[in-house]
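Next come a sequence and a model predicted from it.
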Amino acid sequence: MATEIIMPKMGMGMEEGTVVEWLKHKGEPVKKGESVVSISSDKIEKDLEAPEDGVLIGIEAEEDAVVPIGQALGYIGREGESVRGDTAAPDKEGASSVQTIETKEDRAAVVAEIVGDGVQPRLRVSPAARKLARTEKIDLKTVKGTGPLGRITKADVAAAADEQKNRLPVQPATLIKEKSVTESSAAVPDKGTARKVTGMRKVIAQRMYDSLQQTAQLTLQTTVDVTDLLAFQKTAREAYPIDDEVRLTITDFIAKAVINALLVHKEMNSTYSDNTITTYDGVSLGIAVALAEGLVVPVIQDADKKSLSAISREIRKASRAAREGRLDTLQLTGSTFSITSLGTYGIGFFTPVLNPPEIGILGVGTISEQPAYIGADIQKRSFLPLSLTFDHRAIDGAPAAEFLAAVKANLEAPFTLVL
Amino acid sequence: MQAGTKAGTKASVGDMTVEKAKWIYKKMQEIRQFENTVHGIFEKGEIPGFVHLYAGEEAVAVGVCAHLTDSDNITSTHRGHGHCIAKGCDIDGMMAEIFGRSTGLCKGKGGSMHIADVGKGMLGANGIVGAGLPLSIGAGLTAKVKKTDHVAVCFFGDGASNHGTFHESVNMAAIWKLPVIFVCENNGFGEASPFDYAAACDRVSDFAKAYKIAGETVDARNLQDVYEAAGKAVQRARKGEGPTILECLTYRDYGHFEGDTQTYKDKDVQEHALQENDPILRFQNYAKTNEWLSEEQMKAIDAEVKTEIEHAVKFAEESPFPEPSQLTTDVYVSY
Amino acid sequence: MAKQMTYSEAINDAIRLAMRKDENVILIGEDVAGGAEVDHLQNEGAWGGVFGVTKGIVEEFGRTRVLDTPIAEAGYMGAAVSAAATGLRPISELMFNDFIGSCLDEVMNQAAKFHYMFGGKAKVPLTIRTIDGAGFNAAAQHSQSLYALFTHIPGLKVVVPSSPYDIKGLLLTAIFDDDPVIVFEDKTLYGMKGEVGEGFYTIPFGKAEIKRAGKDLTIVGIGKQVYTALRAADQLAKKGFEAEVIDPRTLSPLDEDTIINSVKKTGRLIIVDEAYPRCSAATDIAAIVGDKAFDYLDAPIKRVTAPHSPVPFSPPLEKLYMPSPQKIIDAFSTMVGDNVFTTV
């Protein structure tokens, strides 16, 4: 049976997309993963890839056509196969050829393809279908909708439920057994201490959960050779008398390196909310500070207008204020990018979680000494792991990588930070 | 409103008896003291909603209702306390209604503007100007269809005489010869606008000529003028001789509503109304002149009424508010 | 025993039966008898209303109980209200429901309020008969269907009978009900023939009738639109979809249970209403079902109504204005996501 290429949902507010260009013509063979058609929403443009090997046997939507999400753009099938949905007046059965993704694996592949690109498809489900799925314990993500715009109807769930029942009897039995074990162990809690999530924990819980649910975040990692930076820090500290306010820590230098990189790669200095990307000229830098109650992110306002020593002073002041609980709201909001560090805990790379509506956060790990080739020589060098999480809805991989490379370059040429 | 000063000089005293005079005086006192009391309590903020007081117009309600029985119906206005009392509504129940209590005549669901007691022939105070006029036609129609000698009295203000329902109703009562008495309480103002401004006619009773029915205008600060004219009108109605427009020139001692600054009133007229032109004072003189009631008897009635009103206030204050379950009861007789 | 009767004859029959049964029942309105006090006319041959619906009633009951009023809606409607409050059971005819503008106070603030406002001590056993409906080229001031206006007002009962059998039974229920009831007679139904029970019978309020059973779709048709719904159901059946068609018969009270139980079975609901769409009976039913049967809905609720515009005069425009079987089928096709019906 033919497999359809559907207009994917590429953002929260997306209802329809435009076919920009067919990269294959009808009848042309395609390989799985090969780009077939280029589409755009009002936010982004992307190529859709063939979900399987085959031939492009039908085109439903011509170039410039505006197509609701979930609707077929074209079909991939075996050579000579006809597309029932491609005929002028499809009958009822023809319409049900929308059910083209035959196996869970295929479905998962498509979903993975979309998710891998940072786009979460929103399921359209009728209330009745949702209720039946609950009672029949059907995972709606595994059900293909046959209703308008791909809506999952009650009949779709009923069919999925039938299919589930018709599988090997041992399977559901095992499932039920496993489930009941899980349930019973959950029902009788160990001697653990339960505590109600309140206050700051609750806010963090909600914000972190929302961040992971509502953005398309992924993390890039790089290692920075900070041998020269450490030497530079030593010189600078000697030149600049250490007082209570200014200590010129590695974090201060990283902050400055990030600010300078943001001024060049402004697209990273943005926020994403209400389907709108706002890019800022000035940098307000959030610095995550761990407290007993949880995490707060005080903000260095107008950080791009401040010198290294001024930044150092502000970070120290803000950290202290945070620990003493003296931060006011203004000092906690309005950041355009954040830095978080687990360096003091011996952590290398990690995946920081975005602080929405920011679209980027840099995770700083522990500096470690490692042998490295410098030319043909092996030297003892100091390396700093950096992890950049960014929101793929707002920025693509390449520009994000360029930004991270700029941070790396700034840190590896430390004198630029005080210019 | 320029009332005459003919107290006690009327040659004819009609069918007035000592008993009747006593009833009339007591009703007038009840209305006056009831309204003064409500005024005081409203000022203290203990009465919710809108209140429109009848003080000063007592002679109209009492002078007309003196001729009615419980089988006769009246329709009223949003200034209805006086009509209720004159028609025999329970004073405790009225006060409780104004206080919004479950023991009120309408179980606290009507309030000052909607006090009704159908059993007493009181078809309700009405929040809509001019609404009582067609309602009186219905009551008259019932009497005609059922062939009873019951009459319907429509109390309405001079403001309502400019309303379409006045003309629709008078016309219908006239063509069908209905037993309806249209009692216009012309207190000189529709809300704050003077009658002379708002009405093109000289007298509301002038319309009687156009509709070919009986019409008369009386000085309604003078109880016996109202009493006599109403007596004739009710008699005509009972005999099937058709409707009457009885225009009663009176005065509203308080404002349109409680809280009214009354900037539109002439101070001299107000002074005159509250002093020598007070309808109760004038009836006291009349009753004394005719030796129906002595000073002492009237003082005794005053005191009796004071106790009644105090009891009503206590009754209202001590009564419970309606239960929450009453919110949606009595929307329909059955559903 | 049942016999064939028109909708109009069924009304006439019901009024006569009521007036024979109870002498407190009177008929009042503009020319409900017709030609009062015209010497040469007497009672024989009098109009009996502009559509002749009440023809002959004055001959049987006389002009005291069949009362022609001046063209003064506020006056006679108010009179009917308090005649009801003081012991009669008036049937008051508002010639066209569009004229309610002249007497809304009497219906909305008087009739509907007395029982509640007077603490349950007054009752208003008034029946208002009025004419509604488009399709007669009567234009914007004589074609509206304003039942939603009255359904909105607590204290009033609202009846929208669609057949000769129903109008007789529902009108008799209305006349002997102790609350004010407004009965909407669709002018285009007056000539419709159907089986009507002989003698006195009543149909309870708040009991919808399932006109046709089905499992794939529920269609609620209000007033004469129940026939549009039935025609659409026939066409859908040819495509293999069985629609259940429900006639609510009364909008206040509304038989929510029958509608909700049907939607629980079918998962889909279309309401067909020739009234304006905003704040309408259709919208109200949609909200009730969305609220109480949400988990059973398998598609969005659709309303097939007039557009939000006055009723046009020109016949082709008026035809376009009305709901049609095709509009119902189009709505259904958007619900199931199938274009198979658009060519029906």
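Sure, I can see it. Residues are numbered from 1 along each chain as shown, chains lettered A, B, ... in the order given.

For the rest of this, base every contact and every neighbour count on C-alpha atoms.
Will do.

Surely A:S387 is within a strand?
Yes: assessed with DSSP: H, G, I helix; E, B strand; the rest coil, A:S387 lies in a strand.

Near it, how many residues? Count them for me, please.
Other residues near A:S387 come to 25 when the count uses other Cα atoms under 10 Å in any protein chain shown.

list the contacts for it?
A:219-222, A:349-352, A:362-365 (Cα atoms under 8 Å, 6 or more residues apart in numbering or on different chains).

And the chain, what are its domain boundaries?
Let's take chain A. A:3-122, A:200-418 (automatic domain parsing).

sorry, should have said chain C
C:2-197, C:209-341.

Distance across the longest one, terminal residue to terminal residue?
In terms of Cα to Cα, to the nearest Å, the two terminal residues of domain C:2-197 are separated by 4 Å.

quick one on the thing from earlier: redo the domains of chain A as a markdown table? Include mean pLDDT.
Formatted as a markdown table, the domains of chain A follow (pLDDT from 0 to 100):
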| stretch | mean pLDDT |
| --- | --- |
| domain A:3-122 | 68 |
| domain A:200-418 | 88 |
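
Quick one: closest of those domains to B:G157.
Closest to B:G157 of the domains of chain A is domain A:200-418 (Cα to Cα; 60.0 Å).

And the residue in the stretch 151-300 of chain C positioned nearest to chain B, how far from chain A?
Chain B sits closest to C:G155 of the stretch 151-300 of chain C, with a gap of 5.2 Å, by Cα to the nearest Cα. Applying Cα to the nearest Cα, to the nearest Å, the value for C:G155 to chain A is 35 Å.

check contacts around residue 247.
Let's take chain A. Contacts of A:R247 (Cα under 8 Å, 6+ apart): A:237, A:312-313.

To clarify, I was referring to chain B.
Contacts of B:E247 (Cα under 8 Å, 6+ apart): B:182-186, B:203-205, B:215-218.

and whatever residue of the stretch 101-250 of chain C ends up closest to chain A, how far is that from C:A299?
Residue of the stretch 101-250 of chain C nearest chain A, by Cα to the nearest Cα: C:K239 (9.8 Å). With distances taken as Cα to Cα, C:K239 is found 19 Å from C:A299.

Counting neighbours, go ahead and name the busier of the two.
Neighbour count, other Cα under 10 Å: between C:K239 and C:A299, C:A299 has more, with 25 against 13.

now, which of the contacts of A:S387 sits nearest chain B?
Using Cα to the nearest Cα, the contacts of A:S387 come closest to chain B at A:P352, 55.2 Å.

Which residues are in contact with the closest one?
The contact partners of A:P352, by Cα under 8 Å, 6+ apart, come to A:219, A:340, A:361-363, A:387-389.

show me where pLDDT drops low in chain B?
Residues of chain B meeting the criterion pLDDT under 70: B:1-14.

Around chain C, pick out the residues from it.
Neighbours of chain C within chain B, by Cα under 8 Å from any Cα of the partner chain: B:105-110, B:114-118, B:124, B:128, B:131, B:133-142, B:145-146, B:165, B:168-169, B:172, B:329-335.

So which of these sit within strands?
Among the residues of chain B next to chain C, none falls in strands (DSSP state E).

Just the buried ones out of those, please.
B:105-110, B:114-118, B:124, B:131, B:133-142, B:145, B:165, B:168-169, B:172, B:330-333 (16 or more other Cα atoms under 10 Å in any protein chain shown).

How about the secondary structure of the nearest residue to C:Y147 once chain neighbours are set aside?
With sequence-adjacent residues excluded and distances taken as Cα to Cα, 6 or more residues apart in numbering or on different chains, C:Y147 is closest to C:V158, at 6.9 Å. Here C:V158 is recorded as strand under three-state DSSP.

So out of everything in the stretch 101-250 of chain B, what residue is nearest chain A?
B:K109 (41.6 Å).

Would you confirm that that residue contacts C:Y116?
Yes: between B:K109 and C:Y116 there is a contact under Cα atoms under 8 Å: 7.0 Å.

ok, whatever residue of the stretch 151-300 of chain B ends up closest to chain A - how many residues close by?
Using Cα to the nearest Cα, the single residue of the stretch 151-300 of chain B nearest to chain A is B:G259, 47.7 Å away. Using other Cα under 10 Å, B:G259 has 14 neighbouring residues.

State the helix or strand in which it lies.
Following DSSP states H and E, there is no helix or strand that holds B:G259.

Could you measure from it over to B:K144?
Relative to B:K144, and taking Cα to Cα, B:G259 is found at 43 Å.

hang on, B:G56 packs against B:N277?
No: the pair B:G56 / B:N277 is not scored as a contact, 9.4 Å apart, by Cα under 8 Å.

residues shared between the contacts of those two?
Residues touching both B:G56 and B:N277 by Cα under 8 Å, 6+ apart: B:R221.

of those two, who's got more company?
Shown here are B:G56 and B:N277; by other Cα under 10 Å, B:G56 has more neighbours (26 against 23).

Checking my notes, that one in a strand, right?
No: under the criterion used here (three-state DSSP), B:G56 is coil, not part of a strand.

In contact with the closest residue to C:W47 other than its chain neighbours: list those residues for me.
Leaving aside its chain neighbours, C:W47 sits nearest to C:G34 (4.9 Å; criterion: Cα to Cα, 6+ apart). Going by Cα under 8 Å, 6+ apart, C:G34 touches C:46-49, C:68.

Please enumerate residues in contact with the helix or strand that contains B:F207?
B:F207 belongs to helix B:207-210 when assigned by DSSP H and E. Contact partners of helix B:207-210, identified using Cα under 8 Å, 6+ apart, comprise B:214-215, B:244-245.

Now do the following helix or strand past it: which elements does it pack against?
Scanning forward in sequence from helix B:207-210 by DSSP H and E, the next helix or strand is strand B:214-219. Packing partners of strand B:214-219 (3 or more Cα pairs under 8 Å, 6 or more residues apart in numbering or on different chains; DSSP states H and E): helix B:207-210, helix B:223-238, strand B:244-249.

tilt between strand B:214-219 and helix B:223-238?
170 degrees (axes from the mean of the first three to the mean of the last three Cα atoms, to 10 degrees).

From the chain's centroid, how far away is strand B:214-219?
Mean-position distance between strand B:214-219 and its chain equals 16 Å (Cα atoms, centre = their mean, to the nearest Å).

Within the sheet, what are the partner strands of it, with directions?
Here strand B:214-219 has these sheet partners by DSSP bridges: strand B:244-249 (parallel).

Now do stretch B:326-335: distance from first to last residue.
For stretch B:326-335, the end-to-end distance is 16 Å (Cα to Cα).

Let me see the ranges of the helices in the stretch 301-419 of chain A.
Per DSSP state H, counting those that start in this stretch, the stretch 301-419 of chain A carries helices over the ranges A:308-323, A:329-332, A:397-412.

Would you reformat those as a markdown table and include mean neighbour count and distance to C:V245?
Putting these into a markdown table (neighbours: other Cα atoms under 10 Å in any protein chain shown; distance: least, Cα to Cα, whole Å) gives the following:
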| stretch | mean neighbour count | distance to C:V245 |
| --- | --- | --- |
| helix A:308-323 | 20 | 67 |
| helix A:329-332 | 14 | 60 |
| helix A:397-412 | 19 | 56 |
